[in-house]
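> I would like to see how this sequence folds:
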Amino acid sequence: MDLIKSLERRYSTKAFDPNKKISDEDQKTIENLLQLSPSSTNVQPWHFTIATSDQGKERIAKAAEGFYIFNKQKVLDASAVVVFSAKTEITDDHLYKVLDKEAEDGRYADPQFRKDYHNARKIFVDMHKYDYKDLQHWAEKQVYLNLGNFLLGLAQMKIDALPMEGLDMKLLDQELGLREKGFSSSIVVALGYADESDFNKDLPKSRLSKADIISNI
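A predicted model of the protein is given here:
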């Protein structure tokens, strides 16, 4: 399967070739990958900041100083960098925005379906807000669903990538003004094309055996 070949090829890129750039056409596809990801109840509690200019990447690289300096050059050399952010709150305004877009896209043949789906989604949101008290963590889970979808799509496109939690996310929130917009950064992905100096490029992939991780019942 081409999909399996893409997964076998995919790895965490440790050095990017700063002279190789992602095409404008592929950049549009990358945005589609971010937009089309699934999320629980289609709640879509996310925002993505994409830096392709040197100035934009330098702003993100401010969060890769001190303890996180090992990621700075990766950010600067990548063709693009995506900051994945999760909502800090999931408000009724957001839920109605999602609902209105679903209606606009023709998902509700009957007004009652619209009402029922909104009520069902609100039950899950309120469950995580009031009962489990983990609403922001739940939102981040949806962001990571998007991340997995994103990395798979990039692998299919033969674009190299590195997901990074090793940045100062508080500083990044401040630099991008995310908290004022109701978001907080979760993870950053650098993408582009591997440099020949990348030590990780030719190392064999290693995963636990299927016997260790899969049970058939």
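> residue closest to the middle of the chain?
Residue closest to the average C-alpha location in the chain (CA atoms, centre = their mean): Leu147, at 3.7 Å.
> direction included, what does the top strand by length along the chain pair up with?
With residue count as the measure and DSSP state E as the assignment, the chain has strand 183-192 as its longest strand. Next to strand 183-192 in the sheet, as set by DSSP bridges, lie strand 80-87 (antiparallel), strand 160-164 (antiparallel).
> where does the chain have low pLDDT?
Applying pLDDT under 70 to the chain flags the ranges 1.
> which helix in it runs the most residues?
helix 135-157 (DSSP state H).
> how distant is it from the center of its chain?
For helix 135-157, the separation from the chain centroid amounts to 5 Å (computed by CA atoms, centre = their mean, to the nearest Å).
> identify all contacting residues around that helix.
Helix 135-157 is contacted by residues 2-3, 6-7, 9-10, 26, 29-30, 33-34, 36-40, 43-46, 82, 84-90, 125, 128-129, 132, 160-161, 163, 184, 186-187, 189, 191 when judged by CB atoms under 8 Å, 6 or more residues apart in numbering. For glycine as for every other residue, the C-beta is placed from the backbone atoms N, C-alpha and C.
> can you pull out the helices in this structure?
2-9, 24-36, 54-61, 72-77, 92-104, 111-126, 135-157, 169-176, 210-213.
> by contact count, what packs against the fourth one?
Counting contacts by 3 or more CB pairs under 8 Å, 6 or more residues apart in numbering; DSSP states H and E, helix 72-77 is packed against helix 54-61, strand 160-164, strand 183-192.
> hmm, who's touching it?
Outside helix 72-77, the residues that reach it (CB under 8 Å, 6+ apart) are 13-18, 54, 57-58, 60-61, 64-65, 81, 162, 164, 188, 190, 192, 195.
> can you select the buried ones from those residues in PyMOL?
Filtering the contacts of helix 72-77 down to the buried ones (16 or more other CB atoms under 10 Å) takes a single PyMOL command:
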select buried, resi 13+14+15+16+17+57+60+61+64+81+162+164+188+190+192+195
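> and the helices and strands packed on helix 72-77 as a markdown table, adding distance to Gly177?
As requested, the helices and strands packed on helix 72-77 are exported to a markdown table (distance: least, CB to CB, whole Å):
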| stretch | distance to Gly177 |
| --- | --- |
| helix 54-61 | 11 |
| strand 160-164 | 20 |
| strand 183-192 | 9 |
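> of all the ones you listed, which one comes closest to Tyr108?
strand 183-192 (27.9 Å; CB to CB).
> mind exporting that closest one as PDB, just the C-alpha atoms?
Only the C-alpha atoms of strand 183-192 are listed here, as PDB (Å, rounded to 0.1, in the frame of the first residue of the first chain):
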ATOM      1  CA  PHE A 183      -6.200  30.000  22.500                       C
ATOM      2  CA  SER A 184      -3.000  28.600  23.800                       C
ATOM      3  CA  SER A 185      -0.200  26.900  21.800                       C
ATOM      4  CA  SER A 186       0.000  23.100  22.100                       C
ATOM      5  CA  ILE A 187       2.700  21.900  19.600                       C
ATOM      6  CA  VAL A 188       4.700  23.300  16.800                       C
ATOM      7  CA  VAL A 189       5.500  21.500  13.500                       C
ATOM      8  CA  ALA A 190       8.400  22.400  11.300                       C
ATOM      9  CA  LEU A 191       8.100  21.200   7.700                       C
ATOM     10  CA  GLY A 192      10.100  21.200   4.500                       C
END
